[in-house]
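> Everything below, folded, please.
(chains A, B and C)
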Amino acid sequence: MADMLDSDMAKPLLETDRGNSVRTLGACSGETVGILGTGDFARSLATRLLCSGFKVVVGSREPKRRAGTFPPEAELTFQEDAVKRAQVVFVALFREHYPSLSGLSEAMAGKILVDVSNNLEVEVNRESNAEYLASLFPQSAVVKGFNVVSAWALQSGSRDGNKQVLICSDCPDARSHIAGIARSMGFIPVDMGGLCSAREIENLPHRLLPFWKVPVLLAVGLFLFFYLYNFVRSVLHPYLMENKNKFYKIPVELVNVTLPCVSYVLLSLVYLPGVLAAFYQLRRGTKYRPFPDWLDQWMLHRKQIGLVSFFCASLHALYSLCLPMRRSARYTLINEAVKQVKANLSSAWVEEEVWRMEIYVSFGIMALGALSLLAVTSLPSISNSMNWREFSFIQCQLGFVALVIGTLHTLTFGWRRAFDGNHYKFHLPPTFTLTLLVPFVIILGKIILLLPCVNRRLMMIRRGWERGCSVRLTNVNLTTDLPEISSPV
Amino acid sequence: MADMLDSDMAKPLLETDRGNSVRTLGACSGETVGILGTGDFARSLATRLLCSGFKVVVGSREPKRRAGTFPPEAELTFQEDAVKRAQVVFVALFREHYPSLSGLSEAMAGKILVDVSNNLEVEVNRESNAEYLASLFPQSAVVKGFNVVSAWALQSGSRDGNKQVLICSDCPDARSHIAGIARSMGFIPVDMGGLCSAREIENLPHRLLPFWKVPVLLAVGLFLFFYLYNFVRSVLHPYLMENKNKFYKIPVELVNVTLPCVSYVLLSLVYLPGVLAAFYQLRRGTKYRPFPDWLDQWMLHRKQIGLVSFFCASLHALYSLCLPMRRSARYTLINEAVKQVKANLSSAWVEEEVWRMEIYVSFGIMALGALSLLAVTSLPSISNSMNWREFSFIQCQLGFVALVIGTLHTLTFGWRRAFDGNHYKFHLPPTFTLTLLVPFVIILGKIILLLPCVNRRLMMIRRGWERGCSVRLTNVNLTTDLPEISSPV
Amino acid sequence: MADMLDSDMAKPLLETDRGNSVRTLGACSGETVGILGTGDFARSLATRLLCSGFKVVVGSREPKRRAGTFPPEAELTFQEDAVKRAQVVFVALFREHYPSLSGLSEAMAGKILVDVSNNLEVEVNRESNAEYLASLFPQSAVVKGFNVVSAWALQSGSRDGNKQVLICSDCPDARSHIAGIARSMGFIPVDMGGLCSAREIENLPHRLLPFWKVPVLLAVGLFLFFYLYNFVRSVLHPYLMENKNKFYKIPVELVNVTLPCVSYVLLSLVYLPGVLAAFYQLRRGTKYRPFPDWLDQWMLHRKQIGLVSFFCASLHALYSLCLPMRRSARYTLINEAVKQVKANLSSAWVEEEVWRMEIYVSFGIMALGALSLLAVTSLPSISNSMNWREFSFIQCQLGFVALVIGTLHTLTFGWRRAFDGNHYKFHLPPTFTLTLLVPFVIILGKIILLLPCVNRRLMMIRRGWERGCSVRLTNVNLTTDLPEISSPV
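Numbers count the residues shown, from 1 in each chain, chains lettered A, B, ... in the order given. A predicted model of the protein is given here:
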């Protein structure tokens, strides 16, 4: 990139076309970049810039003392000199030391200053470091960036890990120039708009999978609840009531009946907000009023909730497949055979039980297959190569199919136990009946939304119609010709 | 990016270097972009452009009436005024309204017009909207783009879904300028070349996984055929001939024997076109004549066919692993044990059956392992980081290994049933014998192609040699020094 | 991109703004690009450049003779003419022919020459082709690039496979200009810095998964060792000592007990170098001295070793799940039931065996779950979207958790067999005891490193402190405010 650079650097090369300039490759070297600061990050930055073909001038208050720690190609000089010689100056200092640069104010006028600093903790009260720097040097173009890169990544040029460099500035030219430098250094610059994004960028290194916190906590909570519920029903009840020792079920069997409940409830929570949003729009008669904040947040977490649901479903499959290999299954089987012989029965076969299991196993595999397609298309590199229609086809249609198959899996697993008093241990209904609540609400909601009268109204609203506002109606027929306003609701 | 912009915008910043310009950050703001149209898309576009640091002027015939619906930072004015003040003008109108802009022809001269329109359906007869716009304004540079982006994605700046913006124009400068704007807005511009690609780009939003249609239909067709075939052999035959009720096999066992057939045939269809192409080249004695269209199409769908094959193989594995956990397997086992006791036999062990199963299970796992490596390396983000040699090593060599192991899995599964009359129900041969047809053709073809005389001729052809054309022979020894012309055949 | 181009091409378009230029779209066409050479690669390059909107002039010694083989839009002319008319010249010739271009030296001055050549084999002694070209034409800016692209990919514009074009040059302007051309052609340019990288780029097409060689060989070696060891203990010993035929275990059971050993040892080898590195730093009292080369290499291969470990673990899971479906398992089970009946025992149940198996199956599933999360986050498209803290949280913390769970899986599987003389066949200890060696060293090392006194010293070293160097101590408190120097140790 290096656009600004090009507009004056490129010329000599083009002029040779007209024959008046003889340039050797040596003279065709990179831009000079300044660095203020001599810490670890400054050193790593200098090393990487030099490797990428830039000239580096490091500004220090004591240039001689610091010389040894930098690569020999980097020139160490006084701060003012460094600033004067470069168009781009990286400020690798701590916020506390920004005021000490005030003497350079004139030299810095018209330059691009890059703020690479981070904060010790997520702070909300003060302005961001970059905005503070910008307020100190109003005649410079301040760019925030490179703070998400570790000095180690700079030094090693490692191919692993994140290569994205988030950049923001109120000056688009400066932004695109720094983006160019980042690209030359092997990073992927991401344009984050104006300097008001600096706070967000400075908080990034403190971020730890923010979109996963709620879904994971939700899954853990559901797991604990259902595990305890199953423990009471399947282990505690036989022990207290029939004095049977079923404690061996704790590590595998209990986990195996708990996981599908978690997975199924989570999957239904992925599709609930869409139904809620549709009813909101219907009640309000417009799509232009924003959803309540909790619903917005919920919709933003759907992908993660879905992936946690898939993870639980996979573990459930793995646990189920392990069941017959266990000693306990083996012993139970042998004992059953022995009992059979002693009772002198020639053939064990309960047709209903056989069918029940064949069917729910079959539904289970299908649901897992559908979920795994959903999970694969959630990979960034795959979802990036799909258009909107394809993405929503898979995520909405196929996802809903997975939910329906999951419901059938649950229902056939339950069969008619829900109506059998023997399965109400301690008066607690079988676990699977609890999990059916949310999905039933969703499927009912979906059916209502598909009723012709409701559906037509919803479609009108989604195309821009508003209740009590006749003007927009003219738009309805036209808008379909432009890219649609379709939310993945 | 914003290259054109930079060439005049960047200067002031550089000039401060020479000390004659005092610029505050406020003056260092973004380019002004015009939008014609006041619909949903225009509104979302304005919002996003403003967020990305651009100035927005919206042109309308009734600017005052529309003012309320746009964000306050966007300036609403008359169309001509909007066009005059911006170098880039987004035309967010319907094709039908393009002629109404004819009065602006002069103001639009030399400007970049961005056509963002879509069509209601895939149209083939007319010229694309963008070419139509270009024909109306021959003095403007028309760029097609942003039509694949939904207004919702524009508004929300959502991180999910597709961020690619396909751009085409006959004017490379305009193209790269719009690409720069797209990048500033957080999208990933994809250069699609000249305006002749506009039709393709306009048809994109109507696309629904086009490369998957044929492979999925093929898989469904094969599934239905083999399922029916197996149903007749395994369920209908015992019912009609021996009056045995085997209907419980419908949900799981029949599916489980059908899936590997589908998977295996699909996998062999991935490698058949390569062999056919080689024979085509051998017969024609040149590589410069294009393949017939059906072969070209087939070769373009290989990746998708392979992935569907892998999906079926995974489901087959899942079904197989579920077999021993089913009630039916349990009852059968108990009954066998009881029978054993009644017959007073002390030990059940058929060495041949044991070996047959150990071996085919083993081959099955290996084939699935090889296929899963193929599937993982098909992920865009992984195949992008491999060079051509690595990609073809995995996709061709490893894929062929998977096919061979799959063949061994099928053969050891079949063992000597193919020669046993009892397995010819209704005179129908066992299913696995049907599936061996295509793979055998391929393996035979591959062996022929590896014969020294055939292989040498093929290598010569692939390096540019043509029958009856001695000139090119001189190239043969040389070309290896330049990037090879290697098709993944 | 096309930055250099823009600086003079963009102007007319902008000038129309001031009303003095009437440009039709026809005049707004692409840059003229020259190609020297008429081979396959030159032809494919010309085709792709034309498709991307460039004008192409092909330079040949015999332009008339070659005319037929190029697309008609490409202009064939004499070499000197082609060079004069283009700013960018692709040199699609063999290294041997470079000296023959010496007559064009003057015409080439100030031009950008793109060296696209490859070598027949990996050469180490000579300078790279690009550096050789640069030495012949010191007044031109030489760019290395496009050699990793196959002529087939150029022609077909195929969407599969690698689209990265590695580019290097000592002239950043030329580099970014060629990067722009690559982007216009639909490739993803990767900036590789100065021309000294040309050798590396020229060796790339000879690369075959270089980072995978050592990990795969390691895995194969470990597999062979453990397989043989298990064969001796589980098949040979019963055959020789008890004359029992256990050869049926060869295809499945032996592989199944070998795979987890390989997987477990490999996983521990992922975390060993980190512990070693920490001890190195502690002993040397500084982080500024580089690690020995073998340790550096080891650390660079950790990701691949981890993924091979995950692959083995997955196969182990698949083999284990197949166990109960085999004939041999079925026969064994029936025989046990029969024996039970004959011994007139009413119930088979060994509580300890039941618990042992429930627990180690449970740990096994958990370890596989943790490993699969590690594997998914290793996908380039996912690791690119994580910040450093998230990446190291998952790869270090979760990976170590997987190692600990794997250790528990192994220990509960072994239970008290390690202390049972009967399990020492031929005096060989059970396999699992061998595999525990490395993990125990790691876990011990980690515990030592977490001791408060050791940990504080290590943290100081990692923040820049050096033994016997009091100056840097002042930095310690400050550095946390800048992006951390954190290696993924």
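> and the host helix or strand of residue A:45, C-alpha only, in PDB?
Residue A:45 is part of helix A:40-51, with elements assigned from DSSP states H and E. Extracted in PDB, the C-alpha atoms of helix A:40-51 (Å, rounded to 0.1, in the frame of the first residue of the first chain):
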ATOM      1  CA  ASP A  40      11.100  -4.200  24.400                       C
ATOM      2  CA  PHE A  41       8.300  -3.300  22.000                       C
ATOM      3  CA  ALA A  42      10.300  -0.500  20.400                       C
ATOM      4  CA  ARG A  43      13.100  -2.900  19.800                       C
ATOM      5  CA  SER A  44      10.900  -5.700  18.300                       C
ATOM      6  CA  LEU A  45       9.200  -3.100  16.200                       C
ATOM      7  CA  ALA A  46      12.500  -1.800  14.900                       C
ATOM      8  CA  THR A  47      13.600  -5.400  14.000                       C
ATOM      9  CA  ARG A  48      10.500  -6.200  12.100                       C
ATOM     10  CA  LEU A  49      10.400  -2.900  10.200                       C
ATOM     11  CA  LEU A  50      14.000  -3.400   9.200                       C
ATOM     12  CA  CYS A  51      13.200  -6.900   8.000                       C
END
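> For chain A, which residues score under the pLDDT cut-off?
A:1-30, A:120-125, A:152, A:155-162, A:288, A:346, A:463-464, A:468-489 (pLDDT under 70).
> Now the residue sitting nearest the centre point of it. Nearest residue, chain neighbours left out?
Taking CA atoms, centre = their mean as the criterion, residue A:211 is the residue nearest the geometric centre of chain A, at 5.8 Å. Distances taken as CB to CB, 6 or more residues apart in numbering or on different chains place residue A:304 nearest to residue A:211, at 5.0 Å, with adjacent residues excluded. Any C-beta I mention is one placed from the backbone N, CA and C, and that applies to glycine too.
> what's the helix or strand for the one you found?
helix A:302-322.
> Which elements pack onto that helix?
helix A:210-231, helix A:253-284, helix A:351-377, helix B:302-322, helix C:302-322, helix C:351-377 (3 or more CB pairs under 8 Å, 6 or more residues apart in numbering or on different chains; DSSP states H and E).
> Reformat those as JSON lines; add distance to residue B:410.
Output for the helices and strands packed on helix A:302-322, formatted as JSON lines (distance: least, CB to CB, whole Å):
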{"stretch": "helix A:210-231", "distance to residue B:410": "41"}
{"stretch": "helix A:253-284", "distance to residue B:410": "33"}
{"stretch": "helix A:351-377", "distance to residue B:410": "22"}
{"stretch": "helix B:302-322", "distance to residue B:410": "12"}
{"stretch": "helix C:302-322", "distance to residue B:410": "17"}
{"stretch": "helix C:351-377", "distance to residue B:410": "29"}
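> before we move on, the earlier item: return the distance of the residue nearest to the centre of chain A relative to residue C:422.
Distance, residue A:211 to residue C:422, using CB to CB, to the nearest Å: 53 Å.
> and what of residue A:232?
Taken as CB to CB, the span from residue A:232 to residue C:422 is 42 Å.
> neighbour-wise, which of those two wins?
Shown here are residue A:232 and residue C:422; by other CB atoms under 10 Å in any protein chain shown, residue A:232 has more neighbours (14 against 6).
> So stretch A:41-58, near chain B or not?
No - using CB under 8 Å from any CB of the partner chain, stretch A:41-58 stays clear of chain B, with a minimum separation of 14.6 Å.
> so how far is that stretch off the chain centroid?
The offset between the C-alpha centroid of stretch A:41-58 and the centroid of the whole chain comes to 32 Å, using CA atoms, centre = their mean, to the nearest Å.
> just stretch A:371-381 next, same as before
13 Å.
> can you list contacts of it?
Here stretch A:371-381 makes contact (CB atoms under 8 Å, 6 or more residues apart in numbering or on different chains) with A:267, A:303, A:306-307, A:309-310, A:313-314, A:382-383, A:386, A:391, A:394-395, A:398-399, A:402, B:311, B:314, B:379-381, B:384, C:379-382, C:384-385.
> on that earlier part again, the residue nearest to residue A:211 contacts residue A:213, doesn't it?
No - assessed by CB atoms under 8 Å, residue A:304 is found out of contact with residue A:213, at 9.1 Å.
> Which of these two has more residues huddled nearby?
residue A:304 (21 against 12).
> Contact partners for the more buried one?
Counted by CB under 8 Å, 6+ apart, residue A:304 has contacts A:211-212, A:214-215.
> and if you look at residue A:130?
Neighbours of residue A:130 in contact, by CB under 8 Å, 6+ apart: A:115, A:117, A:142-144, A:168, A:195, A:198, A:201-202.
> No more questions from me, cheers.
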